[in-house]
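*Asks:* Show me the folded form of this:
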Amino acid sequence: MSATAFVVILVLGIAAINAVIWIPVILWFRRRTRNAYATLAHSIEGETVLRPPEKGNYRGATAAGFPMVNNNAVIALTNRRLVCITVTGKTIEIPTTTITGAREAKVFKSSVAGGRMHLVVAVRSGEVGFFVSDNACWLRAIRDASGIS
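*Replies:* Prediction:
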């Protein structure tokens, strides 16, 4: 067997192993994201939706009572609460009455991620961070919902 044929077989073998590993993971992740969308949509039925469910990332919190671990999520804002459901099924709720501020930050909890800006929501006991698609719209909506300036 020539060296070229060996390299081709090796590369194809590695690609096949990667496909066997990653295709189920990707399918699981997509299913969990669809489930999070459905759970969130059901959770906010009957509330006035200010920001509809969208993909986001939960970036942890410095506030007591919130998960510390970052996670992919689906996030929405209603007139009553900001709701985030992670793909692993954890629900994070922030009532709008407890929001004391909202801002953008390049760094949150000593973390910088690819030049993205964090959406940071302040509550009485600390801050909660997210990545969302449009920080400006989220900031405006959170300020309107919570009555902060």
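*Asks:* what's the following helix or strand after the longest helix anywhere in the chain?
*Replies:* As assigned by DSSP state H, the longest helix anywhere in the chain is helix 3-43. Of the helices and strands lying after helix 3-43 in sequence (DSSP states H and E), the nearest is strand 49-61.
*Asks:* Remind me what that following strand packs against, helices and strands.
*Replies:* Under the contact definition 3 or more Cβ pairs under 8 Å, 6 or more residues apart in numbering; DSSP states H and E, strand 49-61 sits against helix 3-43, strand 71-78, strand 81-86, strand 126-131, helix 135-146. In this view, the C-beta of every residue, glycine as well, is placed from N, C-alpha and C.
*Asks:* rerun that using 10 Å as the cut-off
*Replies:* helix 3-43, strand 71-78, strand 81-86, strand 91-95, strand 118-123, strand 126-131, helix 135-146 (3 or more Cβ pairs under 10 Å, 6 or more residues apart in numbering; DSSP states H and E).
*Asks:* Next, the angle from the longest helix of the chain to strand 91-95.
*Replies:* Helix 3-43 and strand 91-95 are oriented at 40 degrees to each other (axes from the mean of the first three to the mean of the last three Cα atoms, to 10 degrees).
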